[in-house]
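Q: Here's a sequence, model it:
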Amino acid sequence: MEIKHNPHDKVFRRVFSEKKNAVSLLRNILPEDIQKHLIFDEMTLEKESFVSKDMRDYQSDLLVKIPAINTDSDAMVYFLFEHKSVHFRNTPL
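A: Numbering: from 1, shown residues only. Next comes the predicted model:
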C-alpha cells in the first residue's frame, strides 16, 4: 500500500516496517508482563491493512505477528497511527 498524499504515513510505514524499529517500539510501550511471553526475534510483518480506502489519507496501519512462548499461538499486534498537525481535544477517543 502506498500513501500518495501524506508523507507522515510514508515515514511511519517505512520506519516501523523494519523489524528492529517495531520491536524497539513494542519493548518501550508493552508492559513487562506481556513482553516476557513474546518471542520478538521471530516477529513477522503481515501484509494486511485494515484502514479503509477513504481513510488512508488520514491513517496508517501495520500488523505484526509475534510467537508466544510455550503456546501454539501467535500474538497479533496492530499499530494504528494517525498524524495530527493540529491538536484536537477528543483525538485520543
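
Q: Quick check: nearest residue in space to Leu62, chain neighbours excluded?
A: With sequence-adjacent residues excluded and distances taken as Cβ to Cβ, 6 or more residues apart in numbering, Leu62 is closest to Phe79, at 4.5 Å. For every residue, glycine as well, the C-beta is placed using N, CA and C.

Q: and the helix or strand where the one you found lies, which strands flank it?
A: For Phe79, the host element (DSSP states H and E) is strand 74-81. Here strand 74-81 is paired, per DSSP bridges, with strand 60-67 (antiparallel).

Q: And Leu62, how far from Asn90?
A: 24 Å (Cβ to Cβ, to the nearest Å).

Q: Which of these two has more residues huddled nearby?
A: Leu62 (18 against 5; other Cβ atoms under 10 Å).

Q: right, and the more buried one touches Arg13 too?
A: Yes - counting by Cβ atoms under 8 Å, Leu62 sits close enough to Arg13 to count as a contact (6.7 Å).

Q: residues touching Ala30, list them.
A: You called it Ala, but residue 30 is Leu. Leu38 (Cβ atoms under 8 Å, 6 or more residues apart in numbering).

Q: So for it, what's the pLDDT?
A: Here, the pLDDT recorded for Leu30 equals 91.

Q: And it, how far from Ile66?
A: According to Cβ to Cβ, Leu30 stands 10 Å off from Ile66.

Q: Can you work out which residues contact both of those two?
A: Leu38.

Q: related to what we said a few turns ago, how near is the residue nearest to Leu62 to Val64?
A: Separation of Phe79 from Val64 (Cβ to Cβ): 8 Å.

Q: Overlap in contacts, those two.
A: Common neighbours of Phe79 and Val64, using Cβ under 8 Å, 6+ apart, are Ala22.

Q: Of the two, which one has the most company?
A: It is Val64, of Phe79 and Val64, that has more neighbours when counted by other Cβ under 10 Å, with 21 against 15.
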